[in-house]
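Chemist: this is the structure alone, sequence omitted:
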């Protein structure tokens, strides 16, 4: 008679021998199975939403023209409302940037446990466990801008705005031991508004003869507006997602965007939609699968080379990626790189 313990050990050994991974054996990933992945994108109401969607389309087109992800997975894009995305059979979805629609859509998409990417990082991931941000958070962008203010010896900042970005700048300033002051007592003023309100605020400051330097957040990133009034915006320094320098990945993205739409993007926000496709590609390659649970597991520690640079996800705890922030200055209506800050 075979002892029970010996018999169980033999069964376990046989089971382990039949597995590709586990029980301390081989860790070889299963081969990615060829097919088509339905990708949904929620259409938003703003100009930025349109740019993000066009950036996503440009990356989907590039991937499909190259034969698909790993020459195996082609993407079929379905665009519409969150309910339309669900009805299309999509397993992966990309959210808009409009904050209200973003949250409403995430709540709808959670019903089917889709793998959801958030191009504009409003920290929605803290409320929805299936949402993964693609870009820098408001808090990290604010710290980058305040760091620049410190390097310029600005001890007192006046902040224009009352939304999430403005609150993040005020908090970052206080954490850095800078004073948040009224405009008349400030060393510099920060315009923390979305486009086109950011541009309007700068024009008002210029018209009022405000003498202190003007800083701004990514709402200032509008190439058409900057070029239209180059003298009014000259010297403004602002944070944004990236800058398409010649030969860079973002420069290549801009050309793919132009080939798709007939014109270059008006701001670097288009790169966030493009990078949503990049993140999906890397997640699929890391997971060797398009199953949503495996994609989510593959995101831990994922290191993506995107249009805006590296996008690195934490190995444990949270989903907020580490992404570079570009600090640019307006010079004769054009953006010139001041620095890239890792956050």
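Modeler: Yep, it's here. Just so we're clear, the structure is a prediction, and the values are computed from it rather than from any experiment. Numbering: from 1, shown residues only.
Chemist: when you work out contacts or count neighbours from here on, use the C-alpha atoms and nothing else.
Modeler: Will do.
Chemist: need the helices for the stretch 201-343 of the chain, in chain order.
Modeler: For the stretch 201-343 of the chain, applying DSSP state H, counting those that start in this stretch gives helices covering 223-228, 230-233, 249-261, 270-287, 292-298.
Chemist: ranges for the helices of the stretch 1-150 of the chain?
Modeler: Ranges of helices within the stretch 1-150 of the chain are 4-17, 47-65, 82-87, 99-109, 138-151, based on DSSP H, counting those that start in this stretch.
Chemist: which of these sits closest to residue 244?
Modeler: Among these, the nearest to residue 244 by Cα to Cα is helix 47-65 (13.7 Å).
Chemist: what about that closest one, average pLDDT?
Modeler: Mean pLDDT, helix 47-65: 97.
Chemist: likewise stretch 155-171?
Modeler: Model confidence over stretch 155-171, given as mean pLDDT, is 97.
Chemist: again with stretch 68-83
Modeler: If you average the pLDDT over stretch 68-83, you get 98.
Chemist: residues of that stretch that come out buried?
Modeler: Within stretch 68-83, the residues scored as buried using 16 or more other Cα atoms under 10 Å are 68, 69, 70, 73, 74, 75, 77, 78, 79, 81, 82.
Chemist: how about low-confidence regions in the stretch 1-150 of the chain?
Modeler: Low-confidence segments of the stretch 1-150 of the chain (pLDDT under 70): 1-28.
Chemist: need the helices of the stretch 201-343 of the chain in a markdown table (columns: mean neighbour count and distance to residue 210).
Modeler: As requested, the helices of the stretch 201-343 of the chain are arranged in a markdown table below (neighbours: other Cα atoms under 10 Å; distance: least, Cα to Cα, whole Å):
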| stretch | mean neighbour count | distance to residue 210 |
| --- | --- | --- |
| helix 223-228 | 16 | 19 |
| helix 230-233 | 18 | 12 |
| helix 249-261 | 19 | 35 |
| helix 270-287 | 25 | 32 |
| helix 292-298 | 17 | 49 |
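Chemist: quick one on the thing from earlier: got the helices of the stretch 1-150 of the chain as CSV, with distance to residue 325 columns?
Modeler: Below are these laid out as CSV (distance: least, Cα to Cα, whole Å):
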stretch, distance to residue 325
helix 4-17, 47
helix 47-65, 18
helix 82-87, 30
helix 99-109, 21
helix 138-151, 7
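Chemist: list the contacts of the residue most central in space within the chain.
Modeler: For the chain, the residue nearest the mean C-alpha position is residue 135 (2.2 Å; Cα atoms, centre = their mean). Counting by Cα atoms under 8 Å, 6 or more residues apart in numbering, residue 135 makes contact with 118, 119, 120, 121, 241, 272, 311, 321, 323.
Chemist: tell me which of the residues you listed fall in strands.
Modeler: Judged by DSSP state E, strands contain the following of the contacts of residue 135: 118, 311, 323.
Chemist: so what's the last one closest to, chain neighbours aside?
Modeler: In space, not counting the residues next to it along the chain, residue 323 is nearest to residue 311; the distance is 5.0 Å by Cα to Cα, 6 or more residues apart in numbering.
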